[in-house]
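Participant: Okay, here's the prediction I keep looking at, along with the sequence it came from:
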Amino acid sequence: MLVAILFLLKTEEQKTKSRPPNVLYEVVLTWNGESNDDLDLYVRAASGHVVSFNNREGGQGSLISLDHDALGKSRNNTLSNEQGVVVNFNEEIVSFRGVSKGENVVTVHVYNKRDEKPTKAKIKLIKIKPFKEVIIKEREFTATGEEKTAFRFTTDQNGEIIDINELPANLVNQLGE
C-alpha cells in the first residue's frame, strides 16, 4: 500500500514539475498550427491589471503576464535549408503569479483573420499545484476584430476559485484599441 501511495505522489509531482514554480494559475489558448489567423488572449485580473500582446506585463504591480504571443502559421517555420520539427498548434499563455479576491476575465480577440474557414480555438484554465484543468472551452472565430468571452472566474481571499461563468465581456475596446 505504501508503494501505491508513493507512486501516486510521484505522478502528481511529475505533472507539477513541468510547470513554472512561481505560477498559481495559467490560461492557455491554442488553435491549429496550420492556421494563418492571429488570435490574441486578453486577461483582466481581479486586481484590474490587463495583459495582452501589447501589454505583456500588465503594468505596475501586476501579478499576471503574457508568456508567449503566437502569430499564426507565418511564424511556425524552421530556418531555410534546415531540417526540424514544428509543433502543430499555436499557443498563448498567461501566467498568474498571484491572485486577489474578485473576478478575473478571459477573452479571445481575432487580430487578423486570414483563413477563409472558421478557426476553432481551445481555452483552458489550469491550476498548477495541485495540477488540475479547471475549465476547458472552445470558441469559433470567423472575422477580424471579433472578440469572444472564454470564461470568467472568481477567486476568494485565499486564491481559490469559487465561481465560473461565461457572461459577455469586452476587454479590447476597454483598452482603447
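Facilitator: Structure received. Numbers count the residues shown, from 1 in each chain.
Participant: so where's this structure shaky on pLDDT?
Facilitator: Residues of the chain meeting the criterion pLDDT under 70: 1-21, 68-88, 174-177.
Participant: what about the helices in it?
Facilitator: In the chain, the helices defined using DSSP state H lie at 2-17.
Participant: For L41, see how far away I136 is.
Facilitator: Note on I136: its distance to L41, by CB to CB, to the nearest Å, is 15 Å. In short, each C-beta sits where N, CA and C put it, glycine included.
Participant: Compare these two (neighbour count), which wins?
Facilitator: When neighbours are counted by other CB atoms under 10 Å, I136 and L41 differ, and L41 comes out ahead with 26 against 13.
Participant: pretty sure that one contacts V94?
Facilitator: Yes. Judged on CB atoms under 8 Å, L41 makes contact with V94 at a distance of 5.8 Å.
Participant: who touches both of those two?
Facilitator: With contacts defined as CB atoms under 8 Å, 6 or more residues apart in numbering, the residues shared by L41 and V94 are 27, 66, 106.
Participant: are any of the residues you listed buried, and which?
Facilitator: 27, 66, 106 (16 or more other CB atoms under 10 Å).
Participant: Once you drop chain neighbours, what's closest to the last one?
Facilitator: Right, V106. Spatial nearest neighbour of V106, excluding adjacent residues (CB to CB, 6 or more residues apart in numbering): A150 at 4.4 Å.
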